[in-house]
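*Asks:* only geometry, no sequence info:
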């Protein structure tokens, strides 16, 4: 079945673009906004409304397949592509993607996605957000053209098996790390709370005391509110490099000592720490994570380190996984460009025995979240992010319900 047209529409995401460098430099929160001047090129404010582009592929039988182009909250930071604004990039899609896809048979997700990934303009690949949304639409188009679920297309083309159970869902709290933790516990989130520990003085503490206090509070809150003794969520906390900032990026002994303190406080719950340090470049980040991971393993610690910053592309993920730079890698879906790269990244991590966290950003859309679920049910990562937004309820609902639909439809067919 042929693709006969490509149509774009401007959209909003479930959160905002935030200038991470400005926030780390001291921009202060003022309600939902930030006070201060932007630092990263392209930003007109420290926080500005997130934008997306819906890419709709019209099939010759009149069906419309669609996906959403979206970029991460912290665009332009950590080696990522620049700020993604719809009015700037709709013309790029119409000029360079539309002619390449219209007239093609919607018969292979992998083949068409790799074609889109290979397109260059002035010697450069297209923005990751464009590749992300267009390949989502391609996956939907192939599924519609062949009367399969998207997860079944992925499984068939990549030689994997669609899950017969739910993938653990990781919820993120934003700065409402207390109130939103209650929502997560009541809804039975398998992994929580993210917590957004992105400032040493206000959130971590110069000696890590503020985060330690929060971990203790979270432990007690789970024990108090859980509705079953069988509910034992993983504590996964993103610290945005603040542990390294407080203790020294190369002070692996000091960081490991602190992480083991948190490990004891978190018990009986398992602890993951994402982004313990940020050394501002890929090679140094890999080496630092590798050293800290090895130090924790040498001590027999159960704390898991999660790689995030400077581990953005499929090539980065393979590099970090090959070097055991972390116990788990966040596969931040918009950063990889084509959603086919997310599929390959999850499968590669599993092959190498490193944890696969199929993540993303609060700054996505309902559609990109649904299609990410479809891919996850085929590749079976260790956990998947509830997205978009920071309100917990909405993102959890979108991801949870999509998984349940997949399971119900497959059960009915069998």
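*Replies:* Cool, got the structure. What you are looking at is a predicted structure, and each value in this text was computed from that prediction instead of being measured.
*Asks:* Does residue 68 lie in a helix or a strand, and which?
*Replies:* Element membership for residue 68 (DSSP states H and E) is strand 64-69.
*Asks:* residues in contact with the helix or strand following that strand?
*Replies:* Toward the C-terminal end, the helix or strand that comes next after strand 64-69 (DSSP H and E) is helix 86-92. The set of residues external to helix 86-92 that reach it, using Cβ atoms under 8 Å, 6 or more residues apart in numbering, is 8, 10-11, 51-53, 69, 121, 126-127, 129-130. (Each C-beta comes from the backbone N, C-alpha and C, glycine too.)
*Asks:* So which of the residues you listed is surrounded by the most neighbours?
*Replies:* Neighbours here mean other Cβ atoms under 10 Å. Within the contacts of helix 86-92, the largest count is held by residue 69, at 32 neighbours.
*Asks:* dump the residue contacts of the residue nearest to residue 120 when sequence neighbours are not counted.
*Replies:* Nearest-residue entry for residue 120: residue 126, 7.6 Å, with adjacent residues in sequence omitted and distances by Cβ to Cβ, 6 or more residues apart in numbering. Neighbour list for residue 126: 92, 96-97, 116, 119-120, 337 [criterion: Cβ under 8 Å, 6+ apart].
*Asks:* Filter these down to the ones in strands?
*Replies:* Those of these mapping onto strands are residue 120, per DSSP state E.
*Asks:* Now list the buried members of the contacts of residue 126.
*Replies:* 97, 116, 337 (16 or more other Cβ atoms under 10 Å).
*Asks:* What about those, which are in helices?
*Replies:* Taking DSSP state H, the ones among those that sit in helices are residue 116.
*Asks:* Redo the buried ones among the contacts of residue 126 as TSV? Include distance to residue 257.
*Replies:* Converted to TSV, the buried ones among the contacts of residue 126 look like this (distance: Cβ to Cβ, whole Å):
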residue	distance to residue 257
97	51
116	47
337	39
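*Asks:* Please convert the buried ones among the contacts of residue 126 to JSON lines, extending it with pLDDT and distance to residue 151.
*Replies:* Listed next are the buried ones among the contacts of residue 126 as JSON lines, based on pLDDT from 0 to 100; distance: Cβ to Cβ, whole Å:
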{"residue": "97", "pLDDT": "98", "distance to residue 151": "24"}
{"residue": "116", "pLDDT": "98", "distance to residue 151": "20"}
{"residue": "337", "pLDDT": "96", "distance to residue 151": "20"}
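*Asks:* quick revisit: just the ones of the contacts of helix 86-92 in strands?
*Replies:* 8, 10-11, 51-53, 69, 121.
*Asks:* what ranges do the helices span in the stretch 201-350 of the chain?
*Replies:* 209-225, 242-247, 252-266, 282-299, 314-322, 339-352 (DSSP state H, counting those that start in this stretch).
*Asks:* Redo these as CSV? Include mean neighbour count, distance to residue 385 and mean pLDDT.
*Replies:* Formatted as CSV, the helices of the stretch 201-350 of the chain follow (neighbours: other Cβ atoms under 10 Å; distance: least, Cβ to Cβ, whole Å; pLDDT from 0 to 100):
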stretch, mean neighbour count, distance to residue 385, mean pLDDT
helix 209-225, 16, 19, 98
helix 242-247, 23, 21, 98
helix 252-266, 19, 20, 98
helix 282-299, 19, 20, 98
helix 314-322, 20, 15, 98
helix 339-352, 22, 12, 98
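*Asks:* List just the one of those helices that sits closest to residue 25.
*Replies:* Closest to residue 25 of these, according to Cβ to Cβ: helix 242-247, at 12.2 Å.
*Asks:* Please list the residues outside that closest one that contact it.
*Replies:* In contact with helix 242-247 (Cβ under 8 Å, 6+ apart) are residues 197-200, 203-208, 251, 254-255, 258-259, 273, 276-279, 288.
*Asks:* Please repeat the previous calculation with a cut-off of 10 Å.
*Replies:* Contacts of helix 242-247 with the rest of the structure, by Cβ atoms under 10 Å, 6 or more residues apart in numbering, involve 24, 197-208, 211, 239, 249-259, 262, 273, 275-279, 285, 288, 292.
*Asks:* From the chain's centroid, how far away is that helix?
*Replies:* 23 Å (Cα atoms, centre = their mean, to the nearest Å).
*Asks:* Contacts only, for residue 276.
*Replies:* 238-245, 247, 249, 252, 255-256, 258-259, 288-289, 292-293, 303, 305-308, 326.
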